[in-house]
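**Q** Here is my input, please return the structure:
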Amino acid sequence: MSRDGEAVTARCGTRSEESPAPVLSRGAVILFAVACGAAVANVYFSQPLLVTMGHDLAMSPALVGSVVTLTHVGYGLGLFFLVPLGDTADRRRLVVAQLLLLVVALIAVATARTAGILLAGMAATGLLAVVTQTLVAFAASLAPPAGRGRRASASSPAAW
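**A** Sure, this is the predicted structure:
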């Protein structure tokens, strides 16, 4: 390969044969899948508990309805503001930061004694639940180029 070809390869982020792309193990794929499912499920976990939360925190029915609304507004804001960071920032650090902040938001929700804290925590939960999109992009960047876009199946261990 010529020097120009090496420079293009370096700029485009493709890997030469000398440094193979990292391979996602089955455990890493399962970990990413669980993390994605758990993160996005937080957007919906509150819905069957709305009546109980409203009763415990003495919230009016209108205010209880805003729990779901604020969670989804936070999710929309996360899609708009946080997901694009995955293209400019280190995805590994971004995922870790988002997951840690999501844990803090969930602790705030779990320990909320007032409607205001609950609503702020749910908005933050929605905002940070977009870590799922960052995790998917991160996993795709870790997959070998030949395996990107392919669906892994149980009958195809080579895909893992």
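**Q** Tell me which residues touch the nearest residue to residue 126 once chain neighbours are set aside, please.
**A** Excluding the flanking residues, the one nearest residue 126 by CB to CB, 6 or more residues apart in numbering is residue 74, at 2.9 Å. The way it works is simple: take the backbone N, C-alpha and C, and place the C-beta from them, glycine included. Counting by CB atoms under 8 Å, 6 or more residues apart in numbering, residue 74 touches 122-129.
**Q** quick one: which helix or strand includes residue 74?
**A** Assigning secondary structure by DSSP states H and E places residue 74 in helix 61-81.
**Q** SS state for residue 149?
**A** At residue 149 the chain is in coil, as set by DSSP: H, G, I helix; E, B strand; the rest coil.
**Q** What count of nearby residues applies to it?
**A** Residue 149 sits with 8 neighbouring residues when counted by other CB atoms under 10 Å.
**Q** Any figure for the gap between it and residue 140?
**A** 8 Å (CB to CB, to the nearest Å).
**Q** Residue 117 too?
**A** 37 Å.
**Q** what's the next secondary structure element after the lowest-mean-pLDDT helix or strand in the chain?
**A** The weakest-scoring helix or strand in the chain, judged by mean pLDDT, DSSP states H and E, is helix 3-12 (a mean of 40). Sequence-wise, the next helix or strand downstream of helix 3-12 (DSSP H and E) is helix 26-41.
**Q** Which of the residues in the next helix or strand after that next one are classified as buried?
**A** Sequence-wise, the next helix or strand downstream of helix 26-41 (DSSP H and E) is helix 50-56. By neighbour count on 16 or more other CB atoms under 10 Å, the buried set for helix 50-56 is 53-54.
**Q** Same check on stretch 63-72?
**A** Residues of stretch 63-72 classed as buried: 64, 66-68, 70-72 (neighbour count, 16+ other CB under 10 Å).
**Q** cool, and stretch 138-147?
**A** 138-139, 142-143.
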